[in-house]
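[1] need a 3D model of the following:
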Amino acid sequence: MIEVTCAIIISHKKVLAVQRSEVMDMPNCWEFPGGKILPNETPSNCVVREIEEELNILVQPIQQLTPVVHQYPQKTIKLIPFICELKSGTIQLIEHQAFKWCSPNELKSLDWSAADVMILNELLSVIDLVLANK
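    Presented below is the predicted three-dimensional model:
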């Protein structure tokens, strides 16, 4: 099982979604950005590092949501989601082909990768509370 983190980045009451490129697994699917946890790395440190590497922005993890275990045909992942606050930087796409800042309703209309669907469902169940604190 591969442990990975993802960031649910919130700014100005919108949530960041990124679109996987044509050369990635699950091409063109939308996801919350993130990546693999390195040996001896904490999940929260991983999410900060991965977002800086993939998007050139600095985030601060605020709250962890429920991890999701998902079996893809070629691998099993444990996806650990963090609600994050955007601290600084301007998004620069390194691996992905597109990004969108979405309202909760806009998030529902995107074609999400399978593991991210479960995280999206949990996020939508708590989004009003999360946005009230922003």
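
[2] skipping adjacent residues, who's closest to residue 75 in space?
    residue 2 (5.9 Å; CB to CB, 6 or more residues apart in numbering). From N, CA and C alone the C-beta is placed, and that goes for glycine too.

[3] thought that neighbour was touching residue 77?
    Yes. Using CB atoms under 8 Å, residue 2 is in contact with residue 77, at 4.9 Å.

[4] not counting stretch 23-36 itself, show me its contacts.
    With contacts defined as CB atoms under 8 Å, 6 or more residues apart in numbering, stretch 23-36 is touched by 2-9, 16-22, 46-47, 50-51, 53-55, 72, 74, 79, 81, 95-97, 100, 110-114, 116, 119.

[5] what stretches of the chain score poorly on pLDDT?
    Along the chain, segments meeting pLDDT under 70 span 133-134.

[6] give me the most central residue, it.
    Note on the chain: the residue nearest the mean C-alpha position is residue 32, at 2.3 Å, using CA atoms, centre = their mean.

[7] among the contacts of stretch 23-36, which lie within strands?
    When DSSP state E defines the strands, the subset of these inside them is 2-9, 16-19, 79, 81, 100.

[8] of those residues, buried ones?
    Applying 16 or more other CB atoms under 10 Å to these, the neighbour count classes 3-9, 16-19, 79, 81 as buried.

[9] now the two most distant members of the residues you listed.
    3 and 19 (23.3 Å; CB to CB).
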